[in-house]
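Colleague: from the sequence below, what's the structure:
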Amino acid sequence: MRVDVVAWAALALLLIAAETLAPGAFLLWMGFAAVAVFLAVLLVPDIPVLAQVAAFVVLSFVSIQVYRRWFRKGARQSDQPLLNRRAEQTVGLVAPLDQAIVAGRGRVKLGDAFWVVEGPDLPAGTPVRVVAVNGMVLKVQEA
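Modeller: Okay, the predicted model is just below:
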């Protein structure tokens, strides 16, 4: 058996096996590219090693793009897309200011947490509506 044939078969098995240990559908498609190069080298002897590697790189790129375009978009969508995005869940809520907004910054209590807010200067107790989120800072305006 030729060394290049065995090497491509081993690489294909290694990549596909690695996908089972670290799932993410990335190594699987590279494994399919290695299988394609393995079959090409098996059926057509005397393909230069540089051409084999170039074919593997191109096929890996193409197969990953095929996965991203056609297979990944069919993934199940969450019924709660903001589940782990607590700050984004606050958009639209109205609450009184806990601390006045001075020089553009203040504080509001939403639920059991205090949030830093940015907006126009307003006195404490003024109801404000959360209109946007910038990291962990809530953008507010007077309600």
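Colleague: tell me the first helix or strand C-terminal of the lowest-mean-pLDDT helix or strand in the chain.
Modeller: None of the helices or strands of the chain scores lower by mean pLDDT, DSSP states H and E than helix 86-89, at a mean of 89. Counting by DSSP states H and E, the element after helix 86-89 in chain order, helix or strand, is strand 94-102.
Colleague: check which residues of the least confident helix or strand of the chain are buried.
Modeller: Residues of helix 86-89 classed as buried: 87, 89 (neighbour count, 16 or more other CB atoms under 10 Å). In this view, the C-beta of every residue, glycine as well, is placed from N, C-alpha and C.
Colleague: in the protein, which spans are helices?
Modeller: With helices called from DSSP state H, the chain shows them at 3-21, 27-43, 49-66, 86-89.
Colleague: could you dump these to TSV with distance to D98?
Modeller: Listed next are the helices of the chain as TSV, based on distance: least, CB to CB, whole Å:
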stretch	distance to D98
helix 3-21	49
helix 27-43	50
helix 49-66	49
helix 86-89	17
